[in-house]
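**Student:** take this sequence and fold it.
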Amino acid sequence: SFPQILSVSLLTPVPSVRRFQIGGGMAGGAADERQIPVDPPVLEHHPESPPRPLPQPHGAREVSSPPLPEELLLDIFRRIPDQTDLVLTSAACVTFHRLITDRSFLRQYRRLHPPPLLGFLQYGDNVFHPAVPPHPSAPAARAVALAGDFSFSFVPAPDPAHRWAVRDSRDGRVLLEASPREGYSARGVVFTELAVCDPLHRQYLLLPPIPGDLAATVEDPLMRIRPHSSETFFAPQGDEAATADETSFRVIWMVQCEAKIVGFVFSSSTRQWRAIPCQSWANLLAGFVSSTGMALFYGRQCTCDYFYWLPNCQYDLKMLVLDTLRMEFSVDEPPSEAKNALFLGITMMETGEGGPRMLAGTYDMTCGNHTLWRKNGGSTSQWQKEKMVSLSPGPRDVLRCSIGNYLVLDHFGSSLLEKGLYTVDIETLQLKRVCASVHGSAYCNYPPSLSAPKVSSGIEEEVLEQGVEALQVKGP
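**Tutor:** Numbering: from 1, shown residues only. Okay, the predicted model is just below:
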């Protein structure tokens, strides 16, 4: 499963086997055919003449192949898809270890290969459930679980009435929100404390409060199922992913109000919040009159550079969309056939070609039948039916989310499969059990030896700036 460099000698004599047919039967009878091994013939040997080598293929050499150039080795290593195999390869010899552990190589490798799914972070309880054997990520998940701090004890605690609760995870980072402790009410709370941390490297950044002028644009927030009116989540890096620093990230804060939707985005590069252009419901939803006091959309899902929310009302079956490249809200109308599935279950996924996919359930859910739709031109193109898919091994199973080309299936147990969370390859429909059933956020990261810090607290920059200022004051 990983490259091996072999040296083959062509000078070793090979024993031969001869076949003899002994005929001693009656006319018309079957011959007695036996295979009798015969020692290889003794070659005539003279001290002055060495044994004659076996014939060699055209162009072959009698000596071992010379070492491969380091550039070629690096190119081979970059193409190893499985991070566990790369770790094993680095242990093969000193040269391999030096090349693979080089920071420049690891940065290139991480840009080519997305981090694997290592487990799930349970909402509320802040418990990491690592992938278990025989899942291929189990060794890396166990190493991360042992090396990291998933109790987040390294993050300064919020005020005594609150505690940190997991809200989202992306690329090894975890978004924490100050959640009220038992006995405290959060009704009416709109703005909360936020922190982004890297539990593997024990680094964190406390996000600043949203400025007053931005906060003043929030009017009459609608209630959601969870205590707070707002929701917070990571945004994909988008076009900046190839050039951005590995500690760069964006966080989106969003709230659905009585008359409009409001959102802000925080950038780790600028350490500031800025507004996402708000949209009124009247502009987004034809015939909108007033809300019922509850949020109009729910069930956030991410695919490529888009977030989708499903409608919480039936008068206008459209999905809310946030384009994170343009940072603008819009609505998307599913195909008429998929509209019937909005309340049966829709899961958004990636196509691998920059466009979204939609997996819509059917009324015959006992058979696990779904229709797969896709878009090839971003959020504004038309949905095209791709194929029918039969997924669920049980009638009560639930599709939780998608990760790249994989679905996450919550299986409630059957005679064939153990209860737990499974990944489903949408192309092959192969199922792999990850861990026990848990309601949480998927945690993806690299093995500790291949990972890098994902959060910069700014301490390093402050120390550098202080050093530069000291040199300027001191002078030449």
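**Student:** dump the residue contacts of the nearest residue to A195 once chain neighbours are set aside.
**Tutor:** Closest residue to A195 apart from its sequence neighbours, by CB to CB, 6 or more residues apart in numbering: L176 at 4.5 Å. From N, CA and C alone the C-beta is placed, and that goes for glycine too. L176 makes contact with 152, 155, 164-167, 194-197, according to CB atoms under 8 Å, 6 or more residues apart in numbering.
**Student:** can you pull out the helices in the stretch 151-300 of the chain?
**Tutor:** 212-215, 281-284 (DSSP state H, counting those that start in this stretch).
**Student:** lowest mean pLDDT across the ones you listed, which one is that?
**Tutor:** Of all the helices of the stretch 151-300 of the chain, helix 281-284 carries the lowest average pLDDT, namely a mean of 91.
**Student:** pLDDT weak spots in the stretch 351-476 of the chain?
**Tutor:** Along the stretch 351-476 of the chain, segments meeting pLDDT under 70 span 352-354, 362-367, 377-380, 392-395, 415, 458-476.
**Student:** can we see that at 80?
**Tutor:** 351-355, 361-368, 376-381, 391-396, 413-416, 457-476 (pLDDT under 80).
**Student:** ok, A140 - contacts?
**Tutor:** Contacts of A140 by CB under 8 Å, 6+ apart are 83-84, 116, 118, 446-447.
**Student:** most neighbours, which of these?
**Tutor:** Using other CB atoms under 10 Å as the neighbour test, these are led by L118, with 30 neighbours.
**Student:** wait, doesn't that residue sit right on V144?
**Tutor:** Yes: counting by CB atoms under 8 Å, V144 is a contact partner of L118 at 5.6 Å.
**Student:** what is in contact with these two at once?
**Tutor:** 130, 445.
**Student:** can you map out the strands along the stretch 201-350 of the chain?
**Tutor:** Per DSSP state E, counting those that start in this stretch, the stretch 201-350 of the chain carries strands over the ranges 203-206, 230-235, 250-256, 260-267, 272-280, 297-303, 306-311, 319-323, 328-332, 346-350.
**Student:** what is the fifth one packed up against?
**Tutor:** Counting contacts by 3 or more CB pairs under 8 Å, 6 or more residues apart in numbering; DSSP states H and E, strand 272-280 packs against helix 212-215, strand 250-256, strand 260-267, strand 328-332.
**Student:** from the contacts of A140, pick the one nearest M349.
**Tutor:** Closest approach to M349 among these (CB to CB): P116, at 17.1 Å.
**Student:** any idea how far that closest one is from A442?
**Tutor:** Look at P116 and A442: by CB to CB, to the nearest Å, they are 11 Å apart.
**Student:** quick check: S104 is in a strand.
**Tutor:** No: counting by DSSP: H, G, I helix; E, B strand; the rest coil, S104 is not part of a strand but helix.
**Student:** what number of residues lie near it?
**Tutor:** So S104, with other CB under 10 Å, has 8 neighbours.
**Student:** again, but for V190
**Tutor:** 15.
**Student:** just to revisit the earlier point, buried deepest among the helices and strands packed on strand 272-280, which one?
**Tutor:** Each of the helices and strands packed on strand 272-280 was scored by mean neighbour count; the highest is strand 250-256, a mean of 23, by mean count of other CB atoms under 10 Å.
**Student:** please report phi then psi for Q382.
**Tutor:** The phi and psi values for Q382, taken as degrees, to the nearest 10, are phi -90, psi 150.
**Student:** wait, it touches N376, no?
**Tutor:** No: checked against CB under 8 Å, the pair Q382 and N376 is beyond contact range at 9.2 Å.
**Student:** can you check which of the helices of the stretch 151-300 of the chain gets nearest to M319?
**Tutor:** helix 281-284 (10.8 Å).
**Student:** for Q256, report the pLDDT, please.
**Tutor:** pLDDT, Q256: 92.
**Student:** and it, what does it touch?
**Tutor:** 221-222, 224, 229, 295-297.
**Student:** at 10 Å instead, please
**Tutor:** By CB atoms under 10 Å, 6 or more residues apart in numbering, the contact set of Q256 is 220-224, 229-231, 262-263, 281, 291, 294-298, 309, 312, 320.
**Student:** just the buried residues from those, in PyMOL please.
**Tutor:** Selection of buried members from these for PyMOL, criterion 16 or more other CB atoms under 10 Å:
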select buried, resi 221+222+224+229+230+231+262+263+281+291+295+296+297+309+312+320
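**Student:** who's more crowded, Q382 and N376?
**Tutor:** N376 (13 against 10).
**Student:** shared neighbours, P116 and A442?
**Tutor:** I403.
**Student:** for the closest residue to L372 other than its chain neighbours, give its distance to M358.
**Tutor:** Nearest residue to L372 in three dimensions, chain neighbours excluded: E386, at 4.4 Å (CB to CB, 6+ apart). Distance from E386 to M358, counting by CB to CB: 9 Å.
**Student:** again with D168
**Tutor:** According to CB to CB, D168 and M358 sit 22 Å apart.
**Student:** S441 too?
**Tutor:** Separation of S441 from M358 (CB to CB): 22 Å.
**Student:** higher neighbour count, the two?
**Tutor:** M358 (26 against 20).
**Student:** and the more buried one, what helix or strand is that in?
**Tutor:** Assigned by DSSP states H and E, M358 belongs to strand 356-361.
**Student:** show me the contact partners of the helix or strand following that strand.
**Tutor:** The helix or strand immediately downstream of strand 356-361 is strand 369-374, counting by DSSP H and E. Here strand 369-374 makes contact (CB under 10 Å, 6+ apart) with 334-335, 337-338, 341, 344-347, 349-351, 353, 355-364, 381-392, 399, 407, 426.
**Student:** do that again at 7 Å, thanks
**Tutor:** 335, 337-338, 351, 355, 357-362, 383-391 (CB atoms under 7 Å, 6 or more residues apart in numbering).
**Student:** on that earlier part again, extract the C-alpha trace of the strand holding M358 and format it as CSV.
**Tutor:** C-alpha atoms of strand 356-361 as CSV (Å, rounded to 0.1, in the frame of the first residue of the first chain):
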residue,chain,number,x,y,z
PRO,A,356,-23.6,20.8,-5.3
ARG,A,357,-25.6,17.5,-5.2
MET,A,358,-29.0,17.0,-3.6
LEU,A,359,-30.0,13.6,-2.2
ALA,A,360,-33.8,13.6,-1.8
GLY,A,361,-35.8,11.0,0.0
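**Student:** okay, the angle between that strand and strand 346-350?
**Tutor:** Relative orientation of strand 356-361 and strand 346-350, computed by axes from the mean of the first three to the mean of the last three CA atoms, to 10 degrees: 150 degrees.
**Student:** buried stuff in strand 356-361?
**Tutor:** So for strand 356-361, counting by 16+ other CB under 10 Å, buried means 356-361.
**Student:** repeat for stretch 302-321
**Tutor:** In stretch 302-321, counting by 16+ other CB under 10 Å, buried: 302-312, 317-321.
**Student:** what do you get for stretch 90-101?
**Tutor:** 90, 96, 99-100.
**Student:** export these to JSON lines and append columns for secondary structure, distance to Q237 and pLDDT.
**Tutor:** Output for the buried residues of stretch 90-101, formatted as JSON lines (DSSP: H, G, I helix; E, B strand; the rest coil; distance: CB to CB, whole Å; pLDDT from 0 to 100):
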{"residue": "S90", "secondary structure": "helix", "distance to Q237": "27", "pLDDT": "94"}
{"residue": "F96", "secondary structure": "helix", "distance to Q237": "30", "pLDDT": "94"}
{"residue": "L99", "secondary structure": "helix", "distance to Q237": "27", "pLDDT": "96"}
{"residue": "I100", "secondary structure": "helix", "distance to Q237": "25", "pLDDT": "96"}
